[in-house]
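Asker: no sequence on this one, just coordinates:
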């Protein structure tokens, strides 16, 4: 899908203007370090606007000018425009700055080849959160029809093994209109050492899979 295609989807309202942030990110946010955040492939700001609400200075990176316009509007509506920097750029080719971010998120954009660069962009102790469509034997009309844009079983987990994995799941959830979504999620920290600090397990884990 081209940048202009996404511009049209965002402008037409085909894609939600204000999608909910990931429940996993929301559940673990109190344990995440303060600092600057990056929402890669931000779309209309699923995670960028939420993180700005929580006090982060956020770089919202996306190739769609229309998506970034909506991000800026949403941030202004919530009084956090000064904490959101909209950056137009393609995640596939963008030059991520080294050791800059305390938190990096990327939702439903398949870019395994950029994992090393995303990890390098994390500060020591920073967290990477990634979620994406999962290949499934069951019909999953939500998301790309081409399996090359979906994670294979355990693929996202393996991609994060250079980090300290804090949470990982692969689930299928029911959505309105009988639209199933198979998704993989990973939260991992850039940390090393025999002894480490671990975030507490949040409550209401049975609700995490029910994101919009």
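Answerer: Received it, and whenever you're ready, just let me know what you need. Not measured: the values here are computed from a predicted model.
Asker: thought residue 53 was touching residue 80?
Answerer: Yes. Residue 53 lies in contact with residue 80 (CB atoms under 8 Å); the separation is 6.0 Å. The way it works is simple: take the backbone N, C-alpha and C, and place the C-beta from them, glycine included.
Asker: could you name the helices and strands sitting against the lengthiest helix in the chain?
Answerer: When the chain is parsed with DSSP state H, its longest helix is helix 65-77. Applying 3 or more CB pairs under 8 Å, 6 or more residues apart in numbering; DSSP states H and E, one finds that helix 65-77 contacts helix 3-12, helix 48-53, strand 57-62, strand 84-88.
Asker: buried residues in it?
Answerer: Buried residues in helix 65-77, defined by neighbour count with 16 or more other CB atoms under 10 Å: 66, 67, 68, 70, 71, 72, 73, 74, 75.
Asker: and the average pLDDT for that helix is what?
Answerer: The pLDDT scores in helix 65-77 average 93.
Asker: quick one: that helix to strand 84-88, angle?
Answerer: Counting by axes from the mean of the first three to the mean of the last three CA atoms, to 10 degrees, helix 65-77 lies at 180 degrees to strand 84-88.
Asker: and the end-to-end length of stretch 46-57?
Answerer: Counting by CA to CA, to the nearest Å, you get 15 Å between the two ends of stretch 46-57.
Asker: residues in contact with that stretch: which ones?
Answerer: For stretch 46-57, contacts defined as CB atoms under 8 Å, 6 or more residues apart in numbering pick out 18-22, 25-26, 29, 34-37, 39, 42, 58, 60, 71, 74-75, 78, 80, 83-85, 102-103, 105, 107, 129.
Asker: about what we covered before: least confident of the helices and strands packed on helix 65-77, on average?
Answerer: The bottom spot among those, by mean pLDDT, belongs to helix 3-12, with a mean of 63.
Asker: so how far is the helix or strand just after it off the chain centroid?
Answerer: The C-terminal neighbour of helix 3-12 among helices and strands, as given by DSSP states H and E, is helix 23-28. How far helix 23-28 lies from its chain's middle: 11 Å, per CA atoms, centre = their mean, to the nearest Å.
Asker: now helix 23-28: average pLDDT?
Answerer: Mean predicted lDDT for helix 23-28 stands at 92.
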